[in-house]
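Asker: Based on what follows, work out the 3D shape:
(2 chains)
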Amino acid sequence: MNFLIGAFKPACNISITFSDGKSRKQVPMKKENGKTIMVSLFQSKESIAGKVSIEPLQGKKIEHLGVKVELLGQIEMYFDRGNFYDFTSLVRELDVPGDIYERKTYPFEFSTVEMPYETYNGANLRLRYVLKVTVSRNYGGSIVEYQDFIVRNYSPPPSINNSIKMEVGIEDCLHIEFEYNKSKYHLKDVIIGKIYFLLVRIKIKNMDLEIRRRESTGSGANTHVETETLAKFELMDGAPVRGESIPIRLFLSPYELTPTYRNINNKFSVKYYLNLVLVDEEDRRYFKQQEIAIYRQQDS
Amino acid sequence: MLLIGAEDEEKWLAEGIAGVQHNAFYLHRALDSNNLRDALKYSAQMLSELRTSKLSPQKYYELYMRAFDELRILEMFFKDESKHGVSVVDLYELVQHAGNILPRLYLLCTVGSVYIKSKEAPAKELLQDLVEMCHGVQHPIRGLFLRSYLAQISRDKLIDIGSDYEGDADTVMDAVEFILENFTEMNKLWVRMQLEGPGRVREKREKERSALQELVGKNLHVLSQIEGVDLEIYKETVLPRVLEQVVNCKDDLSQYYLMDCIIQVFPDEYHLQTLEMLLAACPQVQPTVDIKTVLSRLMDRLSKYAASSADVLTEFLQVEAFTKLSNAIEKVIEVQVDMPAVGAITLYVSLLTFTLRVHPDRLDYVDQVLGACVKKLSSIPKLEDSRATKQVVALLSAPLEKYNDTVTALKISNYPRVMDHLDNGTNKVMAMVIIESIMKNNTCISTADKVEVLFELIKGLIKDLDSATDELDEEDFKDEQNSVAKLIHMLYNNEPEEMLKIICIVWKHTMAGGPKRLPFTVPSLVFSALRLVRQLQGQEGDIVGEEVPATPKKIFQLLSQMIEALSAVPSPELALRLYLQCAEAANGCDLEYVAYEFFTQVFVLYEEEIANSKAQVTAIHLIIGALQRMNVFSVENRDTLTHKTTGYSARLLKKPDQCRAVYACSHLFWVDGQDGIRDGERVLLCLKRALRIANAAQQMASIARDSSGPVTLFVEILNKYLYYFEKGNKQITAAAIQHLIELINTEMQGDSATSDAFLASTLRYIQFQKQRGGVMGAKFESIKL
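Answerer: Below is the predicted model of the structure:
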């Protein structure tokens, strides 16, 4: 039986470690099986260096046609599962063909890697970065090992950041003016604003502010849009009268937001909207949606 | 949805309470294990129970109180950073992550209060933030309770901040601003409750709202407790802002409650100094607001304040409190056209009370108030409303009570004009009040002018008013007229001329009263006049010429008119007595002719008017008594009169009456004194005649009853004998007495059973005189018993 087990087990253990793995920031990542693991965090133009060590199983030798490590940036569409589109692909050859009898370690380094896109896990797609080590063999198939890592890119605060101010309404029925203090928010930002009721002829029950994420994939006729409500935040309880001004203060930190992504590699976009919803006593909804840009700010 | 049964409500409340308790249980567990995350989660869930719309305010309050108690525990937990390890700053953000606004804001307020206490951020900003964020709850009941929670939880901090925390004016202002802002918003929510729901549940809603008024008023209460709120801040900030809210909310319930609240919670001194501002708001409230009660309470408070110490009185003068109040009231009445008369009058009553308490010396103020009231009253038809008339009575009684001297009230020119507006019944009541006041204080009304005014005031009692169709209660009428009679005695002046004027005025008024009233009033008036006569008689030496108007003659003329008027009633017995009084007075004045005239009148009355035999007996005795004392008559006149008298005496119906009258007549011939008549002969004649009559009476009695009657008459005659015997009437001899005693003894034998006490003591007296010795003893010696 030992023999049989041995036949299906990989012939060796491959481990990938980053050289600064101990000091580097670890962030949680959700795997496909639902488990969360901690992985290293990088940003664009960082050098990614580390070691690959290969340890054959006890008493076995590995005959190979070469060992390489690849750094891949991939987009995977869920409707096309298993098919990855690599937008970044870098290779380092680690070993020429030969045999490995015992544990062998190869250092590697990708210096100043351009990783313009962030790791993203969406409704219909994901974008991931991975280190892929391949031990090529003639028979028995190649031995492959992956190591995920996460990329997040920081933006400086935008130089222009106007408030969003708008007057909307239904004639002779409801007129409101709302204001959000900015149009661009960072992930830990707080939305400050107010809603001013100019005219109220309907009996409003409550008012919510929603944060909606709009993920669009594909292009042209094949565009597929998925909208999710990430936050539903009650702003007002009860019916206001004319002249009332209702404050808004919404902290973004509790919500799992990402920066706004625009047309990533012509594959997809992720946009965020603030949706102001008024509900009347007959449960009719009146709403106004405004796009906001979200960016990632370097933690100070 | 509108017709919610009480049962359902109970059920919903029970569900709510169960929800609170359930979550509170987990909350406590979380607190025990210092688990902030769970604590926030369960407290938010617990507070979600407060999101219900199904409960009435009372039930909601119950639920709120449950949650409130839990929040106090949570607050303690928040305070102790060592337990949860999160700084209060972070905590303040953390609680704002809650998705539902109501739990979020309750938690925010709870953390906020801890935050303020920690002083890690300026209290001003935090307070501002809290009060601003609470705008999110626009539902009236939920909003009111939330803000009430905010007020409650921040209260001690505010009082600290405002009073001793920092001490500088800015911090005080921060606290004040915060409370005012919260107050304004609460009031708006409270007012808005009224607008919700259809009209038919309006009443219910009003009731519900009243239940919530304290929540709003609490803010003002807190304001008043902050020591830092001095007069300056109150005047410049607090009051204008509160009043602005009161006026602008245009809601009667709120306006009434808040005005009252202002008056009750802030110190009197502040009110006094801001009177103008406060009063200016009064005419601006809704016409349906019961502003009169508000103003009354204000005046009540102020007058109590004025009474508290003499020092504050100068303040009242400084700020011209009266003028301001007076103007304000006028304005309110002018603006509130629909205000019922009773309202307006109540206001005047309050103002008057205020005036009397604060400015008792300012009669012109009183007059001014009454004048304003007259103006109001003349613009409306005669009062029908009993409450209104009651108020008028109160209005008129107040000065009487205040000024013990009723005369003061008579000086108030508008006083009678107010009375004119009363209906007859009330007018009488008021007149009685006035009289009572005079009697109570023993006030002497001493000038003709005042008397004139007074009678004008009480004319309801003096004469029938135009429309007096109402059935009079006999008792009441008597009481009233007796009071008037009493009153007449209070009108007195030492100066005869003035007194005569007074009498003439009173007479003029009483004459107008008609025959019904004369029997009550004339005697008083007559005696009042007689008093004057006696006074004049006392000053006889000063009598000068005929020009002096107040001569006894003149008065007697008047008197005779007065008594004559009684014949219209008719009341002959009374007239007779009064004539006799007059005759005696005339006797005192040495006016024989006048006295004779009076006696003539007496006999005319006796002959023509007095038919009742009992009345006749009384009259005869009165006449005898009066005549006996007369000493002005010439012999002929006196003879005429005594002759008449004895004649009438002998013609009385019953024998005993005859007998008694006749022996009484004997006194007419024997007058003690220096130049009294002493006609022993005629005395004896009278007594003999009396004896004859007594005999006849005795016989008649024995025939009628088959037994001789008592010997009383004889004994009485015996006494007369003894009297004259002692006085030295020569015609009355010991033998005659002896004879009479024997006669009595004989009579007694027929009726031995009864021993007469009267006789016994008479005999004892004779015995006593006998034993006394001296001249008298010697005289009696010859009488044998």
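
Asker: count of residues packed around the one residue in the stretch 201-300 of chain A that gets nearest to chain B?
Answerer: Minimum separation of the stretch 201-300 of chain A from chain B (Cβ to the nearest Cβ) falls at A:Gly238, amounting to 2.8 Å. Just so you know, the C-beta spots here come from the backbone N, C-alpha and C atoms, and that holds for glycine as well. Other residues within reach of A:Gly238, judged by other Cβ atoms under 10 Å in any protein chain shown, total 24.

Asker: What does the pLDDT read for it?
Answerer: A:Gly238 is assigned 92 on the pLDDT scale.

Asker: which non-adjacent residue is nearest it?
Answerer: Residue nearest to A:Gly238 in three dimensions, not counting chain neighbours: B:His139, with 2.8 Å by Cβ to Cβ, 6 or more residues apart in numbering or on different chains.

Asker: now B:Ser634, nearest residue through space, not along the chain?
Answerer: Spatial nearest neighbour of B:Ser634, excluding adjacent residues (Cβ to Cβ, 6+ apart): B:Glu592 at 6.8 Å.

Asker: Surely that neighbour touches B:Arg638?
Answerer: No: if you go by Cβ atoms under 8 Å, B:Glu592 and B:Arg638 don't touch, sitting 9.7 Å apart.

Asker: quick one: pLDDT of B:Asp639?
Answerer: For B:Asp639, the pLDDT comes out at 84.

Asker: Repeat that for A:Ser219.
Answerer: We have a pLDDT of 76 for A:Ser219.

Asker: Equivalent analysis for A:Asn263, please.
Answerer: You'll see A:Asn263 listed with a pLDDT of 90.

Asker: host element of it?
Answerer: strand A:261-264 (DSSP states H and E).

Asker: Now the one residue sitting closest to the centre of chain A. Nearest residue, chain neighbours left out?
Answerer: Closest residue to the average C-alpha location of chain A: A:Tyr120 at 2.3 Å, with Cα atoms, centre = their mean. Distances taken as Cβ to Cβ, 6+ apart place A:Leu127 nearest to A:Tyr120, at 4.4 Å, with adjacent residues excluded.

Asker: what residues does the stretch 201-300 of chain A put near chain B?
Answerer: With Cβ under 8 Å from any Cβ of the partner chain as the criterion, the stretch 201-300 of chain A meets chain B at residues A:206, A:231-241, A:244-247, A:249, A:251, A:253-254.

Asker: Now, the residues you listed that are in strands?
Answerer: A:206, A:231-237, A:245-247, A:249, A:251 (DSSP state E).

Asker: Break down chain A into its helices, ranges please.
Answerer: A:2-8 (DSSP state H).

Asker: re the thing from before, look up how far B:Gln45 lies from the residue nearest to A:Gly238.
Answerer: 19 Å (Cβ to Cβ, to the nearest Å).

Asker: before we move on, what about A:Pro116?
Answerer: Look at A:Pro116 and B:Gln45: by Cβ to Cβ, they are 44 Å apart.

Asker: Settle it for me: which of these two has more neighbours?
Answerer: B:Gln45 (19 against 13).

Asker: doesn't the more buried one fall inside a strand?
Answerer: No: counting by DSSP: H, G, I helix; E, B strand; the rest coil, B:Gln45 is not part of a strand but helix.
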